[in-house]
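Trainee: okay, predicted coordinates and the sequence, questions at the end:
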Amino acid sequence: MPTVIAVANQKGGAGKTTISVNLAAGLAEAGYKVLLVDADPQTSALKWRNHSEENQLGFDVIALPSQLLNRDIPSLGAPYEVAVIDCPPGGTPGGSKTDTRDNITRSAMLAANLVLIPVQPSIVDFDAAATMIPLLRQSAVANPKLQARLVINRKAPARTRLGDQARAGAAEYFEGLAVLETEICHRQAFAESPSVGRAILSYDARSKGSDEIRRLTQEVIECLSTENAAASSE
Ligand SMILES: Nc1ncnc2c1ncn2[C@@H]1O[C@H](COP(=O)(O)OP(=O)(O)OP(=O)(O)O)[C@@H](O)[C@H]1O
Ligand SMILES: [Mg+2]
């Protein structure tokens, strides 16, 4: 059964698809056999892959907007080591049992070893992301193996007061939720690369954005290996 990473935030446009596709590419570059599960009915990740005739991403993408991802992913039976789930936006603040998008995100978090929550460093975005914290907490009760990390996305590349305080501000706002050290900056290459069906690692391998994705990938691998070490010592 693959290790599962869900990328979730009810806030639209926070960077779920950008982080999902680029993290999946980072994991593939690191040697893992990766499946990207596009759980968003908008199928943004699948469309990204389809902007090139040949798959240029280095991993497979399937559209699976299922409300039972925790059942469906283990039963895929395919030889993937890691599945990254790109979750949909929307849903009901706090999470509802009758909302399709909430049910998709909930089932992704029930399937996951790690949930990454991309947030842009502004109070407006923190407020919008906070609506899914109850959904995360409920899922963590039902899925005790679930780890959660915020990841700062679209930080201004030039130094600004808001940027300098992004991680500390997020840690303070989302008390008790860890923030990854790696921050992803706002970079043109992240916005351009989908149009040619590529992740940033192949679009501009030596760019600062690619360095950020490689660092993000290593940090995610470390999170997951800590979990494995804890499980094997129990
Ligand atoms: N770090 C970044 N630098 C530049 N552009 C970015 C970055 N992250 C995201 N974007 C751009 O912001 C827009 C929204 O990003 P993305 O589609 O990844 O968000 P999302 O959370 O998946 O959105 P949705 O909620 O609609 O699924 C896209 O145009 C994307 O290219
Ligand atoms: Mg998306």
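Mentor: Good, I have the coordinates. Ligands and ions are numbered 1, 2, ... in the order given.

Trainee: what about this structure, any weak spots by pLDDT?
Mentor: Where the chain drops to pLDDT under 70, the residues are 227-234.

Trainee: which stretches of it form helices?
Mentor: 16-29, 44-50, 69-72, 100-111, 123-130, 133-142, 161-164, 166-173, 188-192, 200-203, 208-232 (DSSP state H).

Trainee: winner for burial among those helices?
Mentor: Among the helices of the chain, ranked by average contacts under mean count of other C-beta atoms under 10 Å, first place goes to helix 16-29 (a mean of 26). Every residue, glycine included, has its C-beta placed from N, CA and C.

Trainee: for the helices of the chain, which one sits closest to residue 61?
Mentor: Comparison of the helices of the chain against residue 61 by C-beta to C-beta identifies helix 44-50 as nearest, at 4.5 Å.

Trainee: quick check: the gap between the spatially closest residue to residue 203 that is not a sequence neighbour and residue 86.
Mentor: In space, and not counting its chain neighbours, residue 203 is closest to residue 193: 3.8 Å by C-beta to C-beta, 6 or more residues apart in numbering. Using C-beta to C-beta, to the nearest Å, we find residue 193 at a distance of 15 Å from residue 86.

Trainee: show me which of these two is the more surrounded one.
Mentor: residue 86 (29 against 26; other C-beta atoms under 10 Å).

Trainee: that older thread, would you reformat the helices of the chain as TSV and include distance to ligand 1?
Mentor: Below are the helices of the chain laid out as TSV (distance: least, C-beta to the nearest ligand atom, whole Å):
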stretch	distance to ligand 1
helix 16-29	3
helix 44-50	6
helix 69-72	16
helix 100-111	10
helix 123-130	10
helix 133-142	15
helix 161-164	13
helix 166-173	13
helix 188-192	4
helix 200-203	9
helix 208-232	7
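
Trainee: so which of those gets nearest ligand 2?
Mentor: Closest to ligand 2 of these, according to C-beta to the ion: helix 16-29, at 3.3 Å.

Trainee: counting by contacts, list what that closest one packs against.
Mentor: strand 3-7, strand 34-38, helix 44-50, strand 82-86, strand 114-119, helix 200-203, helix 208-232 (3 or more C-beta pairs under 8 Å, 6 or more residues apart in numbering; DSSP states H and E).

Trainee: output the fifth one as CSV, restricted to C-alpha atoms.
Mentor: C-alpha atoms of strand 114-119 as CSV (Å, rounded to 0.1, in the frame of the first residue of the first chain):
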residue,chain,number,x,y,z
LEU,A,114,0.6,13.3,6.0
VAL,A,115,-1.7,16.2,5.1
LEU,A,116,0.0,19.4,3.7
ILE,A,117,-2.0,22.6,3.9
PRO,A,118,-0.6,25.3,1.6
VAL,A,119,-1.3,28.8,2.8
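
Trainee: contacts for it?
Mentor: 3-9, 11, 14-16, 18-19, 23, 108-109, 125-126, 129, 132, 136, 139, 146-153, 170, 177, 180, 184, 220, 223-224, 227 (C-beta atoms under 8 Å, 6 or more residues apart in numbering).

Trainee: and the angle for it with helix 123-130?
Mentor: 150 degrees (axes from the mean of the first three to the mean of the last three C-alpha atoms, to 10 degrees).

Trainee: strand 114-119 pairs with which strands, parallel or anti?
Mentor: Partner strands and pairing direction for strand 114-119 (DSSP bridges) are strand 3-7 (parallel), strand 147-152 (parallel).

Trainee: close to ligand 1, is it?
Mentor: No: residues of strand 114-119 are not located near ligand 1 by C-beta under 6 Å from any ligand atom, the shortest gap being 6.6 Å.
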